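Colleague: here is my input, please return the structure:
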Amino acid sequence: MGERKFEWGGLSADRGDYVTAGEALAMLEVLVIAQADLDVTTELRNGAAWARFSRGGRWAVVSTPGSRWFSVETDTGHRLQIVDANTSKDQSAQLLAVHVDVAEAYVRGEAMPVRAGGLGGSVLTVDVNGRQVLLTQSVGRRVRGLFGR
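Modeller: Numbering: from 1, shown residues only. The predicted structure is shown next:
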């Protein structure tokens, strides 16, 4: 495979720093090249760039429309989501790289469960380059857990 270079290109009418889903997909494709030990697929789906990392039955999906929000969701229903409508191009690239790191760490098995209060949900602690990142269950998953579904 040839060397790929990622560059932000699109500008929106109202904001020069806006990042499109296509640009985010290009960035994801560059970020996942080094992950030869994981099964990785990338695509545009529902107006967002997606990268799915998996190994065995364990998986995590990173998604973003480019700017505004960034998300990692796991096979257990745990997630990390950052919503910030004012991210610059540089900040968007950094946030996307962090979310990819979280997904990779989770899939490689570097997550530890931690019991949380509230609606019976749980929290996973993922070690990402020596830092602890918390992934929480969605409210829907917590409610289903309360009722044994």
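Colleague: give me the below-cutoff pLDDT ranges for this protein.
Modeller: Along the chain, segments meeting pLDDT under 70 span 1-17, 113, 115-121, 138-149.
Colleague: list the buried residues of the longest helix belonging to the chain.
Modeller: Across the chain, the helix with the greatest residue count (assigned by DSSP state H) is helix 89-107. Buried residues in helix 89-107, counted by 16 or more other C-beta atoms under 10 Å: 89, 92-93, 95-96, 98-107. Placement of C-beta: from N, CA and C, glycine included.
Colleague: now, among those residues, which is nearest to E73?
Modeller: Nearest to E73 among those: A103, at 9.0 Å, using C-beta to C-beta.
Colleague: nearest residue to that closest one in space, ignoring adjacent ones along the chain?
Modeller: Take A103 and drop its neighbours on the chain: the residue closest to it by C-beta to C-beta, 6 or more residues apart in numbering is A60, 3.8 Å away.
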